[in-house]
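Chemist: Below is the structure, and that's it, no one-letter string:
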């Protein structure tokens, strides 16, 4: 190349949830069977797609119009269906024009931060789902700005920390909430959301609420969606079908925009996101056609209830297997399907290891763990000694050391084995 | 908002192919029936999806794995299938690792320019498919850089212009080719491609070849794909199924990378594109599963042949209806399904109009055409007087005045009516 | 122009101290005699340059070498002389290599912020000398970041505010101090400086201390220079002869760098400032030659003492004339030669005015004060009704409403008249 | 530092004219006496400042007002004096408002490029005075854009190259001319300037003409100043007293702006430069006061004539000593006081050397010349073997290999020795 063509922000793009796969694949070659606990794909973990859903999709596949482009913002009938769902909740009201479809929330997130002025920042949670934090950092050309989620307080946001950062850092223009949260499994009480809205209101910020898991809530908990608490504040919620139906392979998510007319700058920003989508023509058609049919199907509520019951059970098994171990902090998850385990700082050191039988593999791992954070060290040893693949918490834009594991395994015996093994290995590693 | 959150490059994002729809919708409200000739969606224009294709897709819809995430770069078996197709041509050889799937080429194009260093430019054709030119301009923060496609020479690239711009503008790092071309319908002879590769080779540039229409070539023409001519130059070709199957609603396209190991900067650039895709997890799964089944189906070749025969016939009808009109330049299209008509500069002035019966509509149009380019003026009058919706050529990053129209209408009577009407209206407008 | 050539940050550059001159010149044309209290030029206000200083300069003017370029950083003998002066104080030690000359501190300040990475911010005082705040804002492409100087506490920095902003805003890389302060006339106790150094130390920041007024301190106060408090923190102090000799027309100031070897990033930053100076060749020679001769002259100490005695007297007259007025906050100045008067918010409204005899001038002013901050409103009325030209406090990057006035007038009768008039006019304006 | 504070463009700032000094100082320590031929400081080379000039300056030093600030743009009477000088030439007419003073042209150049929009480029000569090229590159974040000065054609601009680059590179917004030129000593015929103005006019560009040497022209040549040829094109000329009086240590230069009202974007750009100067308060006062007195002094014309006679003689001696050497290209200089010698490419290789007696010094140089351009290799050897310090031509933003040497040495014997030695050493080096 006669010029350097590599973008200056290229190095900010990292996604450990997928990068760990390369390491696991190498360890697999030593003969270790890998148990993939790194990614939130229910289908890959054995969850079945109900026949009635597949029949809806197959039927749509026989319809020529499923093959055509759709409008820039998405199919009108689907957007009308979704707007009505939101409006029924009685909070902020929207029309079909306030909904924009994307090729999955990854696409939506790339647009949200990519179209944001470089100097304007969005503060997000730490730990954070790294698609958000990577995109925020890449847009600003420096590390993401975060508020603290407190593992000693159910992983709820530290609202003093959030308020102070907003107050004392004038470049913050927006607040990101993930609720239910990934990677912690926390579900925020309405009161927490109200306080975040108060902060946004006081300092004239907008709110982004990633609500991809909004219907996966259990253990008797309830939460509020953004429109129910947002009042007059400008906001965006992000929703999709990847986790709920579950159909992650559809790459079909959408953005709902609240109070777009309340602020002309916000309105111009949303319009620029629409134009960016228009330049790419539109988002994928077939899943959009399926959404109203699936969500209004007579089996849907029951199906969702069964899935939540499954996760509730999994949540409790996982929690009970880990809660009494010395040296770690765990919280019972109440939504989504991830759990985050934190090692107490004082229990970690640079000499800890797990037994790895195979000598060559042991040498391989010993080489890997040089100069890595302490939680990545544990994750690599766990992989080598058990094949269980989890993601270090420091990869989620966090200073806390720990790991994220899923609650997705459908085979009950295997599920129990995973959590028992993890429990044992933590004890072996911490020597507690 | 306490900060301005609108990106400085937001205004560069325009896409007239979709923006014209708003105008047409308003004219529709005056009682005019719109004939949509603005967008290249064969399905919307009445083309049928063959039963065997729909059956393949419907069958895949019954398979749980179609609902799961796929790997970051796309399904391995599909990438292997496509790599083999390319390698069989005998040019540059690739493996599955050199193929990356995107949610349609719009997504791929956004990544290609978005990950390019701000100071490095890609020169593209003028007129240009505006998704490319918008994205290039937005990445650089200023108007796109273009080489001239010559309507007096079959819409082939003006290679002197291209060579001079590359030679005298050191910020140019890459060359974009669209072949077969949109919006002109030109198919480039191998000799033209060889010369472009020579220029890239001499000045150490990379090449992007948008080959989305590569199998829609007719009138006995042939062209070469990028790997057949690229030799040792670094390059990317862009392919997809939106036009060929046709399945635009799938948002499924891919990038093939040639000679990635020949230049470390190019390699790092491609890796940054992969990382950007990884942060968004992956692209849509179901269409990827369908690709090998459809493309290797026994009916496929015949089906493609029939479609090309249809476009060949349409190309010739359209050409014959317009070729003898004074004051315009038309070329017989040989690929894709668009035709671009150019008004000779000296035939245009600011007072030309078409008769619009409805008085209120006439007033509406007269208001619209104030201070617009002369070709947009014609397009608005054509819309108001006939309902035929085409796209002004100046919207395709071109100084030439004219319009793009499609060859997609499946109803033969209507097709004839469209071209007869356009022919008449040009004559009325130019008074020739 | 075929391109837009105006820089995106161009609008951040404002300097009311000079912009007010245009308004005053217009008011002068109505027959009003202007009393220039807007700018800190002692010479223009009638201060005499002592004969012995002028003789030194005149003698140097007869020496050919005074006409030559000097080294990039400045004349070695002068830098050695200044390094020794600093080292004698017993704090951080420097060599001639740690001193860099500039064409006035305006030049130094432009380099300091211009060579700072766009994403790294320096927090400065509010109110602030606007050369600093303009340059900081222009470098970052958004408004400057500031900590609060508290008029209810002797204009000392609000250290809680400073600490919180540093803590909660990770983009802050440096702290600016102006001591003695412009525009407030405050002189900071050593304890305040120690706490600022503590904050810099805790959060690994560098410090810039603008000490242009460091030898103009009176009322029995003392302060410390940066090297006396800085310990191991990286820092820059800014000094010059414009206020002290006073020779503002020399455009001769310098930077002293402390602990450059303690941090490799800081070192690289300082080197980049040197390179920027080298590209401009060097700074002005003659004043550099004069510095050691003037500062080590037997008359110098006495001369400085007399000047400080003058400012002390002026400070007290000014303070006594204003201190008892209801509705304003004033502090006795202890250094430099500016005083800042603050209007209490609740005493201001949009209908206040001063009597302006001349009808046309009255109309002119009434037009001027539309949509301006309340303090600018007062400043314009004061100009029109008395000819006294002061600078609104909101022009010093402050939310406080008030004005800066100088203590420079050498004619005692006129000095008394100025402060008596201002006192009366404040009362008339506030109706107190 | 908790943040990286080093500016991304910091590495573009280079200035070999001063950087070579470090190398020379090291070689001096081996006992070699250095002859400084690297920098254009006549005073340092022994030129005497006439008594009458020094008396003017000394007299001004006794005047208090010489110590005060001046207006932002500079002293009104001096600007009026200079405007009249320009207007007398009968070309573009200006007023005092069209003149802005700076602290030397280095300061002016920093503002010119620093206030230029990042995407807008100014094409300059190659070889180029590096203060211009460094500043242009730093502003754009990539290498400077240049047109070719042809040593086979009197170092005149290659106008085809210039025209093509302007035509084919739409980011070019301005053209830089240096006339008389540094480093080549060329003086451009009016015809060349007319053609450059034609190009600017055709493509709607502005022109910057660095005319710091405009009164140092000899050998019977004449040139035109920018206002004499500029017609209606927007332009800036740069002038100063550093070379002409000569008073480089004054850091006093100015900008004359032509046709500022002919283009609103250009006007806004010039205003932004004024605002940047205003934020730094003003430029140095004393030399501005001296300018009218010196330039209108009865001795001035004679003095200038004598200096030009000196340079003419030096130019011819230098030219005659070098013109017949095989393997190099030299041109007789007609202005300024630099000569550039070019090595023909085919005469250079990586093994050439000059004899260096001192063994340690030889080892030192052999180490220095590893991986440096061939002309730098010669320059280092020349330094080590003779002490003559010249600047490699590749440091002037040029692909040509050669060096710049000055015509400044006042001692005639030494002057002859320098050029005889250089002549011999070239022959020894090239073995011709």
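Modeler: Here it is on my side, so go on. Treat the numbers as computed from the prediction; the structure is a model and nothing was measured.

Chemist: what sits against residue A:58?
Modeler: Residues near residue A:58 by C-beta atoms under 8 Å, 6 or more residues apart in numbering or on different chains: B:58, B:59, B:61, B:62. C-beta here means a position set from N, CA and C on the backbone, and glycine is covered the same way.

Chemist: and it, what helix or strand is that in?
Modeler: Element membership of residue A:58, judged by DSSP states H and E, is helix A:51-61.

Chemist: Check which residues of that helix are buried.
Modeler: Within helix A:51-61, the residues scored as buried using 16 or more other C-beta atoms under 10 Å in any protein chain shown are A:53, A:54, A:56, A:57, A:58, A:60, A:61.

Chemist: Stretch A:198-215 near chain B at all?
Modeler: Yes: against chain B, stretch A:198-215 shows contacts by C-beta under 8 Å from any C-beta of the partner chain at A:203, A:204, A:205, A:206.

Chemist: Whichever of the residues you listed end up buried, select them in PyMOL.
Modeler: Provided next is the PyMOL selection string for whichever of these are buried by 16+ other C-beta under 10 Å:
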select buried, chain A and resi 203+205+206
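
Chemist: ok, which of the residues of stretch A:198-215 next to chain B also contact chain C?
Modeler: Filtering those for proximity to chain C by C-beta under 8 Å from any C-beta leaves nothing.

Chemist: Just put the residues of stretch A:198-215 next to chain B in JSON lines and tack on pLDDT.
Modeler: Converted to JSON lines, these look like this (pLDDT from 0 to 100):
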{"residue": "A:203", "pLDDT": "97"}
{"residue": "A:204", "pLDDT": "96"}
{"residue": "A:205", "pLDDT": "97"}
{"residue": "A:206", "pLDDT": "97"}
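
Chemist: Just the residues of stretch A:198-215 next to chain B: which are in strands?
Modeler: Those of the residues of stretch A:198-215 next to chain B mapping onto strands are residue A:206, per DSSP state E.

Chemist: Go through the residues of stretch A:198-215 next to chain B and name the one nearest residue D:225.
Modeler: Checking the residues of stretch A:198-215 next to chain B against residue D:225 by C-beta to C-beta gives residue A:204 as the nearest, at 54.8 Å.

Chemist: so what's the closest one closest to, chain neighbours aside?
Modeler: residue B:2 (4.2 Å; C-beta to C-beta, 6 or more residues apart in numbering or on different chains).

Chemist: which stretch of helix or strand covers the one you found?
Modeler: Using DSSP H and E, residue B:2 sits in no helix or strand.

Chemist: wouldn't it be in contact with residue A:201 here?
Modeler: No: the criterion here is C-beta atoms under 8 Å, and residue B:2 misses it with residue A:201 at 11.4 Å.

Chemist: tell me the contacts of the residue of the stretch 251-400 of chain A found nearest chain D?
Modeler: In the stretch 251-400 of chain A, the residue that lies nearest chain D is residue A:399 (14.1 Å; C-beta to the nearest C-beta). By C-beta under 8 Å, 6+ apart, residue A:399 lies in contact with residue A:126.

Chemist: Mind splitting chain A into its structural domains?
Modeler: In terms of domains, chain A is parsed into A:10-47+A:301-430, A:65-295 (source: automatic domain parsing).

Chemist: Highest mean neighbour count out of these?
Modeler: The highest mean neighbour count among those, using mean count of other C-beta atoms under 10 Å in any protein chain shown, belongs to domain A:65-295: a mean of 22.

Chemist: What is the end-to-end distance of that domain?
Modeler: One end of domain A:65-295 sits 20 Å from the other (C-alpha to C-alpha, to the nearest Å).

Chemist: and the stretch 201-350 of chain A, which of its residues are near chain B?
Modeler: Residues of the stretch 201-350 of chain A lying near chain B (C-beta under 8 Å from any C-beta): A:203-206, A:234, A:245-251, A:263, A:265-266, A:268-269, A:272, A:275-276, A:278-286.

Chemist: all helices for the stretch 201-350 of chain A, in order.
Modeler: Using DSSP state H, counting those that start in this stretch, the helices of the stretch 201-350 of chain A run over residues A:226-229, A:264-279, A:285-295, A:300-322.

Chemist: one step back: right, and the domains of chain A - which one's nearest residue D:217?
Modeler: domain A:65-295 (48.6 Å).

Chemist: Redo the buried residues of helix A:51-61 as TSV? Include pLDDT.
Modeler: Formatted as TSV, these follow (pLDDT from 0 to 100):
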residue	pLDDT
A:53	98
A:54	98
A:56	98
A:57	98
A:58	98
A:60	98
A:61	98
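
Chemist: Please identify the one among the domains of chain A that comes closest to residue D:293.
Modeler: Set against residue D:293 and scored by C-beta to C-beta, these come closest in domain A:65-295, at 49.4 Å.

Chemist: what residue ranges in the stretch 1-150 of chain A score low on pLDDT?
Modeler: For the stretch 1-150 of chain A, applying pLDDT under 70 flags no range at all.

Chemist: What does whatever residue of the stretch 101-250 of chain A ends up closest to chain D show for phi and psi?
Modeler: Closest residue of the stretch 101-250 of chain A to chain D, C-beta to the nearest C-beta: residue A:142 (7.6 Å). For residue A:142, the backbone dihedrals (degrees, to the nearest 10) come out as phi -160, psi 180.

Chemist: Provide a list of residues in contact with it.
Modeler: Applying C-beta under 8 Å, 6+ apart, we find residue A:142 in contact with C:119, C:171, D:3.

Chemist: Quick check: it vs residue A:121, distance?
Modeler: 9 Å (C-beta to C-beta, to the nearest Å).

Chemist: follow-up on the earlier one: let me have the buried residues of helix A:51-61 in JSON lines, extended by distance to residue B:44.
Modeler: As requested, the buried residues of helix A:51-61 are arranged in JSON lines below (distance: C-beta to C-beta, whole Å):
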{"residue": "A:53", "distance to residue B:44": "27"}
{"residue": "A:54", "distance to residue B:44": "27"}
{"residue": "A:56", "distance to residue B:44": "23"}
{"residue": "A:57", "distance to residue B:44": "21"}
{"residue": "A:58", "distance to residue B:44": "23"}
{"residue": "A:60", "distance to residue B:44": "17"}
{"residue": "A:61", "distance to residue B:44": "18"}
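
Chemist: Can you tell me which of these is nearest residue C:326?
Modeler: The shortest approach to residue C:326 among the buried residues of helix A:51-61 belongs to residue A:53, at 76.2 Å (C-beta to C-beta).

Chemist: List the contacts of the nearest residue to the closest one once chain neighbours are set aside.
Modeler: Distances taken as C-beta to C-beta, 6+ apart place residue A:294 nearest to residue A:53, at 5.7 Å, with adjacent residues excluded. Neighbouring residues of residue A:294 by C-beta under 8 Å, 6+ apart: A:53, A:56, A:241, A:245, A:300.

Chemist: Pretty sure the fourth one sits against residue A:54.
Modeler: No: counting by C-beta under 8 Å, no contact exists between residue A:245 and residue A:54, whose distance comes to 10.6 Å.
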